[in-house]
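Student: What shape does this take:
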Amino acid sequence: MTDQPNPAQVTSFDHHRLADLPEYNRVGKALNDLLTAINRAEIEISQPEWLDAVRNLTAALPFADGCDECPPVSITVPARTEIDTDGWLTGYYKCTEHGRQWTSGWALDAPTWF
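Tutor: Numbers count the residues shown, from 1 in each chain. From the prediction side, this is the model:
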């Protein structure tokens, strides 16, 4: 452990079990592309906001939905979620390819990916 400043908020980790999968590096590239697009669009985002957005995005993957106009294998992740006190998640979706916006409701315990 160090007392040195860590503005990137990176921690020690070992993802060797995942790193052999090509998708692991593709996810890293996709996140880098997203950060590049954020910077290009001049959207101000702090490191804690960025990490929170990525964490929320990955946590919401089981609640991805499909745009009616996209191919069946395509997914749209929620742009926003609201959790109510009854354990229900409402996902707000935006398809950037077709401009569609919609909502879907999910029981929080419905997806069982892990």
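Student: What helices and strands are in contact with the biggest helix by length in the chain?
Tutor: Looking across the chain with DSSP state H, the single longest helix is helix 22-40. In terms of contacts (3 or more C-beta pairs under 8 Å, 6 or more residues apart in numbering; DSSP states H and E), helix 22-40 is packed against helix 47-59. To be clear about C-beta, it is placed using only N, CA and C from the backbone, and glycine gets the same treatment.
Student: who does the helix it packs on touch, helix- and strand-wise?
Tutor: Looks like helix 47-59 contacts helix 22-40 (3+ C-beta pairs under 8 Å, 6+ apart).
Student: Run through this protein and note the low-pLDDT ranges.
Tutor: Low-confidence segments of the chain, defined by pLDDT under 70: 1-2, 111-114.
Student: contacting residues for the spatially most central residue of it?
Tutor: Central residue of the chain (C-alpha atoms, centre = their mean): residue 57, 1.9 Å from the mean position. Shown in contact with residue 57 (C-beta atoms under 8 Å, 6 or more residues apart in numbering): residue 77.
Student: Please report how far it lies from residue 26.
Tutor: 15 Å (C-beta to C-beta, to the nearest Å).
Student: Could you do residue 59 as well?
Tutor: Counting by C-beta to C-beta, the gap from residue 59 to residue 26 is 19 Å.
Student: ok, residue 63 - how many residues close by?
Tutor: By other C-beta atoms under 10 Å, 19 other residues sit near residue 63.
Student: measure it to residue 18 for me?
Tutor: According to C-beta to C-beta, residue 63 stands 22 Å off from residue 18.
Student: about what we covered before: next, the angle from the longest helix of the chain to helix 47-59.
Tutor: Our comparison of helix 22-40 with helix 47-59, counting by axes from the mean of the first three to the mean of the last three C-alpha atoms, to 10 degrees, yields an angle of 140 degrees.
Student: Cool, thanks, signing off.
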